[in-house]
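In: model this:
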Amino acid sequence: QVQLVESGGGLVQPGGSLRLSCAASGSIFSIYAMGWYRQAPGKQRELVAAITNVFTTNYGDSVKGRFTISKDNAKNTVYLQMNNLKPEDTAVYYCNADYGPLRDLEVWGQGTLVTVSS
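Out: Here you go, the predicted structure:
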């Protein structure tokens, strides 16, 4: 199994930056991809960004050019650098990992709240 622990959320003013971290433990060798999703009140959970084990990345349209996903294999950690934050980025951000020999398993972190407000 894989476990995920997120950190880095908080309150930031519009135009500001935050970096989220997601540390993986357990069967990390079987992780195929990790990503960040977010869910705002009253809205469905949506993809923010994802990165595979060969460093292929994918971004949601609303964050392209502002957010960057990266990973440090030595630390088993994925990061989400968020720049030029907007009030509409306010949400609970969840880390996700797809893993397993058949790539059919997934795990979610506990979520971290990001609030963009003046």
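
In: From the centroid of this structure, which residue is nearest?
Out: The centroid of the chain falls nearest to W36 when counting by Cα atoms, centre = their mean (2.4 Å).

In: how far away is it from Q1?
Out: 20 Å (Cβ to Cβ, to the nearest Å). C-betas here are computed from N, CA, C, even on glycine.

In: now do L20
Out: 22 Å.

In: The two: who's more crowded?
Out: L20 (23 against 10; other Cβ atoms under 10 Å).

In: mind listing what the helix or strand encompassing that one pairs with, with the direction of each?
Out: Assigned by DSSP states H and E, L20 falls within strand 18-26. If you go by DSSP bridges, strand 18-26 pairs up with strand 2-7 (antiparallel), strand 77-82 (antiparallel).

In: Quick check: what element follows that strand along the chain?
Out: strand 31-39.

In: and that next one, what's its mean pLDDT?
Out: For strand 31-39, mean pLDDT is 96.

In: Report the backbone C-alpha coordinates of that strand in CSV.
Out: In CSV, the C-alpha atoms belonging to strand 31-39 read as follows (Å, rounded to 0.1, in the frame of the first residue of the first chain):
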residue,chain,number,x,y,z
ILE,A,31,3.6,4.3,-8.1
TYR,A,32,2.8,5.1,-11.7
ALA,A,33,1.6,8.7,-11.4
MET,A,34,0.9,11.3,-8.7
GLY,A,35,-1.3,14.3,-9.0
TRP,A,36,-3.1,17.1,-7.3
TYR,A,37,-6.9,17.6,-7.4
ARG,A,38,-9.0,20.2,-5.8
GLN,A,39,-12.5,20.6,-4.6
